[in-house]
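Participant: Curious how this folds, go ahead:
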Amino acid sequence: AFQQHIRKTTGRSAAVDARQTGRVNGKDLERLFQLKTAAADIGQRVAAHLDLRIGRDLRAQVFRKVLSFSSAEMDKFSTASLITRTTNDVTQIQAVCVLIVRVVLYAPVIGLGGIIMVARTKTGLGWIIALAVAAMLLLVGVLMKIAMPQFRTMQQRVDDVNLVSREILTGLPVIRAFHRERHEQERFDTASAALMNTQLFVNRTMAFMGPVMTLIMYGVTVMIEWFGAKSINAGHMQIGDMIAFSTYASLIIMAFMMITIVAVLLPRAEVSATRVDEILRTRASVRDPRSPEPVPADATVTFDHVSFRYPGAEDDVLHDISFTARPGEVTAIVGSTGCGKSTLLKTLCRIQPPLGGEVLLDGRSIFVEDSRELAKKVAILPQNPMAPAGLTVRELVNYGRAPHRSRFFARTTQEDKRMVEWALQETDM
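Facilitator: Coordinates of the predicted model:
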């Protein structure tokens with residue numbers, strides 16, 4: 001009878017209308033799926049670009065800041081810690097920033113939409129969702145309070161492993177010469193075991209979150225069905241309202257679960273951000289003057305009662321050192337290993353500022369001149385020669401001499417050729 005009524009009034013059957021309606025809805029769903037796919041692709045690309053640019057900018061800022069450090073700041077942080085902060089800590093910050101873009105900005109939209117739809121159902125079961133959210137927040141707070149100190153310890157353990165590895169690789173010939181392989185192996189095992197134990201504690205603590213979150217989610221489902229069934233039995237609620245409320249509640253709980261998953265990584269990222277920020281906020285003890293005064297290249301070098309002591313040392317390495325080195329003269333500084341000869345030259349180059357006395361150039365302090373100008377007039381040949389990889393002999397000879405030229409000093413002068421020929425002859429190359 002229904003089919004005949006539809007055919008009489010519209011001239012079409014209900015089955016034809018249903019097929020046409022389904023065809024239209026299918027096209028709409030296809031367009032929505034394509035739109036969602038395009039939006040997801042754009043989101044992934046934006047997150048990837050953000051990840052790479054954050055890492056690039058942070059590492060560049062840290063590197064530039066470290067280049068301005070004197071030996072005092074280098075000793076404060078240690079080379080191993082600076083390497084870890086530039087690599088591992090920046091990577092932790094990158095990972096959390098990407099999760100914030102992909103998850104934290106996405107989850108509130110789902111949660112807010114679920115809350116709006118739940119408010120429309122008017123089932124009176126909203127207190128169940130509030131209870132579940134409070135339980136999840138309490139769980140995250142307790143776990144973060146327990147794991148936060150361990151995250152700091154874990155980054156310090158990474159510094160220790162990096163330090164021991166660097167010392168072993170640097171001093172490998174000496175270690176083999178004195179047959180200290182077993183001792184160094186024990187040092188590395190100790191540092192590695194400490195890092196492993198800390199990571200196990202943190203991972204086991206955070207692994208507790210997954211089962212508890214699942215328990216909360218299924219507990220919410222059981223409570224909704226239990227109290228919803230009672231309301232349906234009393235005639236205060238329809239079955240459709242309970243099913244709709246359960247669906248919206250699942251969206252809300254899933255949104256908060258995604259946020260809590262990101263919250264697991266936040267403590268370690270916070271520790272890493274603090275360590276990186278500590279470098280960026282550190283003021284170098286040796287800085288260029290605001291109004292530098294030029295000093296002639298043939299200036300007289302004077303050490304006036306210079307004293308210096310390394311941090312934590314009981315005695316001075318340099319104590320009340322006074323002498324004058326005049327242009328055209330050769331001043332020899334003779335002493336046994338560890339007596340402070342290299343430290344004396346570092347004070348002249350402003351790598352290590354003296355704790356007492358002054359280093360003067362033509363009667364003026366070395367701190368009145370710009371560091372770049374000072375580097376052009378004071379040259380040091382280190383005891384352990386090191387050179388950047390990938391440079392030719394000519395580029396190494398000219399390294400740092402002519403910053404106004406191109407990157408690798410492509411323009412060759414007669415002076416450059418003479419210097420290269422002299423260097424090749426002296427090194428028998």
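Participant: can you list contacts of stretch 98-118?
Facilitator: If you take CB atoms under 8 Å, 6 or more residues apart in numbering as the criterion, stretch 98-118 is touched by 43-44, 46-48, 50-51, 126, 129, 244-245, 248-249, 251-252, 254-256, 258-259, 261-262, 265. Glycine gets a C-beta too; all of them are placed from N, C-alpha and C.
Participant: CA-only coordinates of that stretch in CSV, if you can.
Facilitator: Below are the C-alpha coordinates for stretch 98-118, written out as CSV (Å, rounded to 0.1, in the frame of the first residue of the first chain):
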residue,chain,number,x,y,z
VAL,A,98,55.4,18.0,16.1
LEU,A,99,53.1,16.1,18.4
ILE,A,100,51.6,19.4,19.6
VAL,A,101,50.8,20.3,15.9
ARG,A,102,49.5,16.9,15.0
VAL,A,103,47.7,15.9,18.2
VAL,A,104,47.2,18.7,20.7
LEU,A,105,45.7,21.1,18.2
TYR,A,106,43.5,18.3,16.8
ALA,A,107,42.2,16.7,20.0
PRO,A,108,40.5,19.7,21.5
VAL,A,109,38.4,20.1,18.4
ILE,A,110,37.1,16.6,18.8
GLY,A,111,36.6,17.0,22.6
LEU,A,112,34.8,20.3,22.2
GLY,A,113,32.5,18.9,19.5
GLY,A,114,31.7,15.9,21.7
ILE,A,115,30.9,18.1,24.7
ILE,A,116,28.5,20.2,22.6
MET,A,117,26.7,17.2,21.3
VAL,A,118,26.6,15.6,24.8
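Participant: For stretch 216-227, give the mean pLDDT please.
Facilitator: The average pLDDT within stretch 216-227 is 86.
Participant: send the alpha carbons of it over as PDB?
Facilitator: Output of stretch 216-227 as PDB, limited to C-alpha atoms (Å, rounded to 0.1, in the frame of the first residue of the first chain):
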ATOM      1  CA  ILE A 216      39.000   4.300  32.600                       C
ATOM      2  CA  MET A 217      37.600   4.200  29.100                       C
ATOM      3  CA  TYR A 218      35.800   0.900  29.500                       C
ATOM      4  CA  GLY A 219      34.700   1.900  33.000                       C
ATOM      5  CA  VAL A 220      33.000   4.900  31.400                       C
ATOM      6  CA  THR A 221      31.200   2.700  28.900                       C
ATOM      7  CA  VAL A 222      30.000   0.300  31.700                       C
ATOM      8  CA  MET A 223      28.700   3.200  33.800                       C
ATOM      9  CA  ILE A 224      26.900   4.800  30.900                       C
ATOM     10  CA  GLU A 225      25.100   1.600  30.000                       C
ATOM     11  CA  TRP A 226      24.400   0.800  33.700                       C
ATOM     12  CA  PHE A 227      22.900   4.200  34.600                       C
END
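Participant: burial of Pro353, as a residue count?
Facilitator: When neighbours are counted by other CB atoms under 10 Å, Pro353 registers 16.
Participant: List phi and psi for it.
Facilitator: When read as degrees, to the nearest 10, the backbone of Pro353 gives phi -70, psi 140.
Participant: Can you tell me the SS state at the closest residue to it other than its chain neighbours?
Facilitator: Spatial nearest neighbour of Pro353, excluding adjacent residues (CB to CB, 6 or more residues apart in numbering): Val286 at 5.3 Å. State at Val286, reduced to three classes by DSSP: H, G, I helix; E, B strand; the rest coil: coil.
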